[in-house]
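# Give me a 3D structure for the following:
(one chain, ligands or ions: 1)
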Amino acid sequence: MTYIDPHIHMVSRTTDDYQRMAQAGCLAITEPAFWAGFDRSSPRGFYDYFRQLTESEPSRAAQFGIRHFTWLCINPKEAEDPGLAREVMSLIPDFLDRPNVLGIGEIGLNKNSRNELEIFEAHVELAAQRNQLILVHTPHLEDKRKGTRLIMDAIRRNSRIDPGRVLIDHVEEHTVQMVLDAGFWAGMTLYPDTKCTPQRAADIFEMYGTERIWINSAGDWGISDPLAVPKCQVELRRRGHTEDLVRRVSLQNPQTFLSQSPKFKVNER
Ligand SMILES: [Zn+2]
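This is a model prediction of the structure:
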């Protein structure tokens, strides 16, 4: 069965990963701008990263028949320096019309600090002005619930943002309900040990349903699994779920959310 991985950092992955993903049925991926594993020293580093996301990565994916889309921002980990963050943000508008850019992301909070919140709000405003979709990163573990609340409140303060055009990612058992109740889309990240495993994601579907929710691998330079989405498909089948349900969470839901951008297209097989 085919699938979309709507959150994966392919700049950190090998070409072999693209090959294995294509063999497992991957039709398209979306790659949010993120922390590189170290703090970049200047806005030029981000400029080159944005070029990589919009120029070289789409052609690497195309070799395997995978469509590559991206989201741009300065991530919350590097937003602690508002001067740098504002300079990086000033680079983004020129990239937004590039053919594979779907919106602003992954923005959000990391330590729930005041500087992070200020830069988060500035990104939300940019998305409102340019009518962009938003992909949101939520903090880890003990900060997640509080961070998710702060994020939802900040988005709601901007009255031009439709929650149906915002996906709040890395939800877990203690945050999924509040995200869905507020009208946002929710993303579950499947990691080998932290965040949700494929088994926990299957439990969450069984408890909270399959509306406005997707799964992704968030594969990056750390311990992560670029085949996590097809592995969750296998887990859902093992539990006796229908092919309809498997297709909904791994293909149709991402397609529905992402198609709100006219640029999003997949090559159906
Ligand atoms: Zn990510």
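# Against the ion, how distant is the nearest residue to Gly37 once chain neighbours are set aside?
Counting by C-beta to C-beta, 6 or more residues apart in numbering, Gly37 lies nearest to Trp221, which is 4.9 Å off, once chain neighbours are set aside. For every residue, glycine as well, the C-beta is placed using N, CA and C. Trp221 sits 11 Å away from the ion, going by C-beta to the ion, to the nearest Å.
# Reduced to three states, what does Trp221 come out as?
Of the three states, Trp221 takes coil under DSSP: H, G, I helix; E, B strand; the rest coil.
# do the same with Thr70
Once three-state DSSP is applied, Thr70 turns out strand.
# which residues touch the residue nearest to it when sequence neighbours are not counted?
Leaving aside its sequence neighbours, Thr70 sits nearest to Leu53 (C-beta to C-beta, 6+ apart; 4.3 Å). Contacts for Leu53 (C-beta atoms under 8 Å, 6 or more residues apart in numbering) come out as Val11, Glu31, Ala33, Thr70, Leu72.
# How many neighbouring residues does the last one have?
In other words, Leu72. Using other C-beta atoms under 10 Å, Leu72 has 29 other residues around it.
# Can you give me the pLDDT of it?
For Leu72, the pLDDT comes out at 98.
# And the second one, by the same measure?
Listed pLDDT for Glu31 reads 98.
# distance of it from Gly222?
15 Å (C-beta to C-beta, to the nearest Å).
# Look at those two and report which has more neighbours.
For Glu31 and Gly222, the more surrounded residue by other C-beta under 10 Å is Glu31, and the numbers stand at 29 against 11.
# Are we agreed that that one is in a strand?
Yes - per three-state DSSP, Glu31 lies within a strand segment.
# my read: it touches Pro6, true?
No - judged on C-beta atoms under 8 Å, Glu31 makes no contact with Pro6 at a distance of 9.5 Å.
# about what we covered before: for the residue nearest to Thr70, give its distance to the ion.
In terms of C-beta to the ion, Leu53 sits 13 Å off from the ion.
# confidence score at that residue?
On the pLDDT scale, Leu53 gets 98.
# all numbers from here: first residue = 29
Renumbered: residue one is now 29, and that last one reads Leu81.
# Name the SS class of it, please.
Per three-state DSSP, Leu81 ends up helix.
# residue contacts, the nearest residue to Arg95 once chain neighbours are set aside?
Closest residue to Arg95 apart from its sequence neighbours, by C-beta to C-beta, 6+ apart: Ala56 at 4.0 Å. The contact partners of Ala56, by C-beta under 8 Å, 6+ apart, come to Ile32, Asp33, Ile94, Arg95, His96, Phe97, Phe292, Val294.
# Count the neighbours of Lys293 for me.
13.
# Quick check: pLDDT value at it.
94.
# just Arg297 next, same as before
67.
# likewise Leu163?
98.
# Alongside the ion, which residues does the protein contribute?
Proximity of the chain to the ion, by C-beta under 5 Å from the ion, involves residues Phe62, Ala246.
# can you point me to the longest helix in the chain?
Ranked by number of residues, the top helix in the chain under DSSP state H is helix 142-158.
# what residues does that one touch?
101-102, 104, 107-110, 113-114, 117, 120-121, 124, 131-132, 135-138, 160-162, 178-179, 182-183, 185-186, 188-189.
# Show the buried residues in those residues.
Among those, those classed as buried by neighbour count (16 or more other C-beta atoms under 10 Å) are 101-102, 104, 107-108, 113, 117, 120, 124, 131-132, 135-138, 160-162, 178-179, 182-183, 189.
# From these, which land in helices?
Ala113, Met117, Leu178, Ile179, Ala182, Ile183.
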